[in-house]
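Generate a structure from the sequence data that follows.
(2 chains)
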Amino acid sequence: MDSPILQAKNLTKIYGQNVIFQDISLDVYRGETIVIIGPSGTGKSTLLRCMNLLTPIDSGKIFLNGKEITARDANEDKVRQQIGMVFQNFLLFNHLTAFDNVMIGLSKVKKMPKAQAREKALYELNRVGLSDRADHYPGQLSGGQLQRVGIARALAMDPSVMLFDEPTSALDPELIGEVLGVMETLSREHMTMLVVTHEMGFAREVANRIVFMEKGSIVEQGAPDDLFYRPQHERTREFLWKITELYGKKEEKS
Amino acid sequence: MLSNFLSYIFQGISITIAVTLVALPAGLVLGLGLALVNTYGGVWLKRLSALYSLLMRGVPPVVLLFILYFILSGNLVNLTPFWAGSVSLGVISSAYQMEILRGALLSISGGQMVAARAIGMSRLQAIQHIILPQALRIAIPPWSNEASIVLKDSSLVYALGVPEILRRAQQLSATTQQPLLAFGAAALIYFVLVFFVNRGLDVLAKKTRLPTQHA
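Okay, here's the model as predicted:
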């Protein structure tokens, strides 16, 4: 078997007196789509932010392509170029058009020649179906469009792994589909993805593996069918039952 | 007689403008450095810059001008009254410009920095390419106000004997016994200068405004 592309070993994160998560280990393999689920406040988002060093961990090690990125001499900026991140609240650069949002990393971080950066930015915008919105500013785009630009911005850097931090949680229900659609395509193209989401439909259809986290630790992980139909832990069963019921009710209403 | 009168004061305009053109950019560079240090620096840099701002803004400009003048044209460095006065005004203005820019920097949401770091930018790159372009746009209107204050405060260097507008008006008032005419002419010139500076910066604000930014 391949060695993992992204590997977390015994990660612990503590804020003051609060243990956010403890002793978390997770291997992410090339081309895999992993969905992390679990109740709010269990440290899923913080775990994701620790994976690309936006938030420092208190103990443990993280490896990217076999190299320890939590080592003292690791170049954090270089590491983050290889790990794309998509945020719950989009966080597009407000003073730049959709096109420039995607291009700025190429021209300023990768120092790519202008013409080449343009071409690449246009390609990525096209990939998320937004080439016709290239010259729009964030304030002129819908939530779903904003998030797709956010995905294009991250993809432009040609990352080894993409992290999605609740990418559809801030969206109106009718806009969720366009974002999930882009993510599903990426998954089919074998992009390596680590996704925190409450979209159980997406988790069941697209994930290769689901990780259930609660109270700062991984309770259970496995193939979607195993987790949904044959959960090993009572807590997993309860959580999935609750959230599916909620999800089902929402669907009935609409 | 009146034309001689006016042309004597008019010769001071270029000096007033020169003082402003030294003081304002000097204050901007210094103020921007202080604002960045105060916003992104460590605890001690924050405290020191805050203390600087407090002291500078807590003393009348003319008092600071005299203190700085005697430092800048003393034994260690010996600048001409023009340079000593202009640099001093720049230093005084830096504290006010720091506060303007600090406010603008703080108004940019923290998420912008996070997103910039997430695509691999260093802190410095993020400030340069993401934070400052947004903050500076916001800062133009209050900065325009500070620019007109510096222009008007340039009249303080008359106390150092720099022959700018006010100094010349005062001389004319003494020699011609026409104080109302002399100072009235000075007032009119200052008003016109300030008017055009503010209009110019309004145009700049409009030109750099984003289509999604509110006026």
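
Check which helices and strands the helix or strand hosting residue A:103 sits against.
Taking DSSP states H and E as the criterion, residue A:103 maps to helix A:98-104. Packing partners of helix A:98-104 (3 or more C-beta pairs under 8 Å, 6 or more residues apart in numbering or on different chains; DSSP states H and E): helix A:114-127, helix A:143-155. Placement of C-beta: from N, CA and C, glycine included.

then the first one to PDB, C-alphas only?
What follows is the C-alpha trace of helix A:114-127 in PDB, where atoms were taken according to Å, rounded to 0.1, in the frame of the first residue of the first chain:
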ATOM      1  CA  LYS A 114       1.800  37.000 -15.900                       C
ATOM      2  CA  ALA A 115       0.600  35.300 -19.100                       C
ATOM      3  CA  GLN A 116       0.900  31.800 -17.600                       C
ATOM      4  CA  ALA A 117      -0.800  32.900 -14.400                       C
ATOM      5  CA  ARG A 118      -3.700  34.400 -16.400                       C
ATOM      6  CA  GLU A 119      -4.200  31.200 -18.400                       C
ATOM      7  CA  LYS A 120      -4.100  29.100 -15.200                       C
ATOM      8  CA  ALA A 121      -6.500  31.300 -13.300                       C
ATOM      9  CA  LEU A 122      -9.000  31.200 -16.200                       C
ATOM     10  CA  TYR A 123      -8.700  27.500 -16.400                       C
ATOM     11  CA  GLU A 124      -9.500  27.100 -12.700                       C
ATOM     12  CA  LEU A 125     -12.400  29.500 -12.900                       C
ATOM     13  CA  ASN A 126     -13.700  27.500 -15.800                       C
ATOM     14  CA  ARG A 127     -13.300  24.400 -13.800                       C
END
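
Just give the number of residues close to the closest residue to chain B within chain A.
With C-beta to the nearest C-beta as the measure, residue A:139 is the residue of chain A nearest to chain B, at 2.9 Å. Residues near residue A:139, counting by other C-beta atoms under 10 Å in any protein chain shown, number 13.

Confirm that it lies within a helix, as I assumed.
Yes. Residue A:139 forms part of a helix when assessed by DSSP: H, G, I helix; E, B strand; the rest coil.

right, and it touches residue B:212 too?
Yes. Residue A:139 is within contact range of residue B:212, at 2.9 Å (criterion: C-beta atoms under 8 Å).

Please tell me I have it right and residue A:93 contacts residue B:112.
Yes. Using C-beta under 8 Å, residue A:93 is in contact with residue B:112, at 6.5 Å.

the more surrounded of those two?
residue A:93 (23 against 19).

State the pLDDT value of that one.
Residue A:93 is assigned 97 on the pLDDT scale.

For it, give me phi and psi.
The phi/psi pair for residue A:93 (degrees, to the nearest 10) reads phi -80, psi 120.

For stretch A:199-218, what is the distance to the chain centroid?
12 Å (C-alpha atoms, centre = their mean, to the nearest Å).

who touches the nearest residue to residue A:143 once chain neighbours are set aside in this structure?
In space, and not counting its chain neighbours, residue A:143 is closest to residue A:171: 4.7 Å by C-beta to C-beta, 6 or more residues apart in numbering or on different chains. Residues near residue A:171 by C-beta atoms under 8 Å, 6 or more residues apart in numbering or on different chains: A:143-144, A:147, A:179.

List the contacts of residue 101.
Using chain A here. By C-beta under 8 Å, 6+ apart, the neighbours of residue A:101 are A:92-93, A:138, A:149, A:152-153.

actually chain B
With C-beta under 8 Å, 6+ apart, residue B:101 has these contacts: B:31-32, B:35, B:135-136, B:139, B:143.

and the lengthiest helix in chain B, what does it pack onto?
Ordering each helix of chain B by length in residues (DSSP state H) puts helix B:2-40 first. Contact partners of helix B:2-40 among helices and strands, from 3+ C-beta pairs under 8 Å, 6+ apart: helix B:43-57, helix B:81-106, helix B:132-153, helix B:165-176, helix B:179-208.

what do you get if the cut-off is 10 Å, keeping everything else the same?
helix B:43-57, helix B:81-106, helix B:123-126, helix B:132-153, helix B:165-176, helix B:179-208 (3 or more C-beta pairs under 10 Å, 6 or more residues apart in numbering or on different chains; DSSP states H and E).

hmm, back to that, so can I have a markdown table of the contacts of residue B:101 showing pLDDT and neighbour count?
As requested, the contacts of residue B:101 are exported to a markdown table (pLDDT from 0 to 100; neighbours: other C-beta atoms under 10 Å in any protein chain shown):
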| residue | pLDDT | neighbour count |
| --- | --- | --- |
| B:31 | 98 | 25 |
| B:32 | 97 | 21 |
| B:35 | 97 | 25 |
| B:135 | 96 | 24 |
| B:136 | 96 | 16 |
| B:139 | 96 | 23 |
| B:143 | 96 | 21 |
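
The helix or strand hosting residue A:185 vs chain B: in contact?
Per DSSP H and E: residue A:185 is located in helix A:173-188. No. Judged by C-beta under 10 Å from any C-beta of the partner chain, helix A:173-188 stays clear of chain B, getting no closer than 16.9 Å.

Would you mind listing the buried residues in that helix?
A:175-176, A:178-180, A:182-183, A:186-187 (16 or more other C-beta atoms under 10 Å in any protein chain shown).

residues in contact with the closest residue to residue B:8 other than its chain neighbours?
Distance criterion C-beta to C-beta, 6+ apart; nearest residue to residue B:8, sequence neighbours excluded, is residue B:168 at 5.7 Å. Going by C-beta atoms under 10 Å, 6 or more residues apart in numbering or on different chains, residue B:168 touches B:8-13, B:15-16, B:158, B:182, B:185-186.

how about a cut-off of 8 Å?
Shown in contact with residue B:168 (C-beta under 8 Å, 6+ apart): B:8-9, B:11-12, B:186.

and if you look at residue A:137?
A:94-98, B:210-212.

Setting aside sequence neighbours, what's the nearest residue to it?
Residue nearest to residue A:137 in three dimensions, not counting chain neighbours: residue B:212, with 4.7 Å by C-beta to C-beta, 6+ apart.

tell me, how many neighbours does the one you found end up with?
Residue B:212 has 13 neighbouring residues, counting by other C-beta under 10 Å.

related to what we said a few turns ago, could you look up the SS state of the residue nearest to residue A:143?
coil.

Which phi and psi values does it adopt?
Main-chain torsions, residue A:171, degrees, to the nearest 10: phi -100, psi 150.

okay, and the common contacts of residue A:139 and residue B:212?
Common neighbours of residue A:139 and residue B:212 (C-beta under 8 Å, 6+ apart) are residue A:94.

what helix or strand does residue A:35 sit in?
Using DSSP H and E, residue A:35 sits in strand A:33-37.

The residue in chain B positioned nearest to chain A: what's it in contact with?
Going by C-beta to the nearest C-beta, chain A is nearest to residue B:212 of chain B, at 2.9 Å. Contact analysis of residue B:212 by C-beta under 8 Å, 6+ apart lists A:94, A:137-140.

what's the answer for residue B:25, then?
Residue B:25 sits in contact with residue B:90, where contact means C-beta under 8 Å, 6+ apart.

can you pull the pLDDT of it?
On the pLDDT scale, residue B:25 gets 97.

on that earlier part again, deepest in the core, which of the helices and strands packed on helix A:98-104 is it.
Each of the helices and strands packed on helix A:98-104 was scored by mean neighbour count; the highest is helix A:143-155, a mean of 25, by mean count of other C-beta atoms under 10 Å in any protein chain shown.
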